[in-house]
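> A predicted structure for the sequence below; I have some questions about it.
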Amino acid sequence: MPTVKFIKEKKEIEVPIGANLRKEAMKAGINLYPGINGFGACVNKVLNCHGLGLCGTCRVNIVKGMENASPMGTYEKLRFKGLTIPEPVALTACFAYIGHEDTMRLSCLTQVNGDMEVETGPELNLFGENFFS
Ligand code: FES
């Protein structure tokens, strides 16, 4: 069984091959909805698309083992590029994606096929070198 290590939470779980990353994380008590850099986390916990791939708030960085994640589908790619529903919260996923194109995934659209290390709630860096530059 693949192992998923959640770096911030310092928690490791074993999941069945092909398991949905969001569902397994939530079963393990991992919070995938931190709001925007922690702001609005309590609202985000309730107001999200519950795994439909619409809101973009369940994004994670797969820092190790990206090759063990299911390939990114067309819809997820469009979601990160802002070419689906143009609403403000979902657009934060587009901004967060900049500079993390090789590691960022929507956990609700990711299947685990092998070991990986995951950073939940990657911060949105509006003023770093990857944004507005
Ligand atoms: S839960 Fe909304 S995009 Fe994953």
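That came through fine.

> pop out the phi and psi values for residue 76.
Backbone torsions of residue 76, given as degrees, to the nearest 10, read phi -60, psi -40.

> hmm, residue 108 and it touching each other?
No. Shown here, residue 76 and residue 108 do not form a contact pair, counting by C-beta atoms under 8 Å, at 9.3 Å. Yep, even glycine has a C-beta here, placed from its N, CA and C like the rest.

> show me which of the two is the more surrounded one.
Neighbours of residue 76 and residue 108, each counted by other C-beta atoms under 10 Å, are more numerous for residue 108; the result is 26 against 21.

> name the SS class of that one, please.
Secondary structure of residue 108, reduced to three states by DSSP: H, G, I helix; E, B strand; the rest coil: helix.

> cool, and residue 42?
Recorded secondary structure, residue 42: helix (three-state DSSP).

> what segments of the protein are helices?
Assignment of helices within the chain using DSSP state H yields the ranges 21-27, 41-46, 74-80, 88-97.

> quick one: low-confidence ranges for this structure?
Filtered on pLDDT under 70, the chain yields the residue ranges 86-90, 125-133.

> for it, what lies in contact range of the ligand?
In this structure, the chain approaches the ligand at residues 48-49, 51, 53-58, 106, 108, judged by C-beta under 6 Å from any ligand atom.
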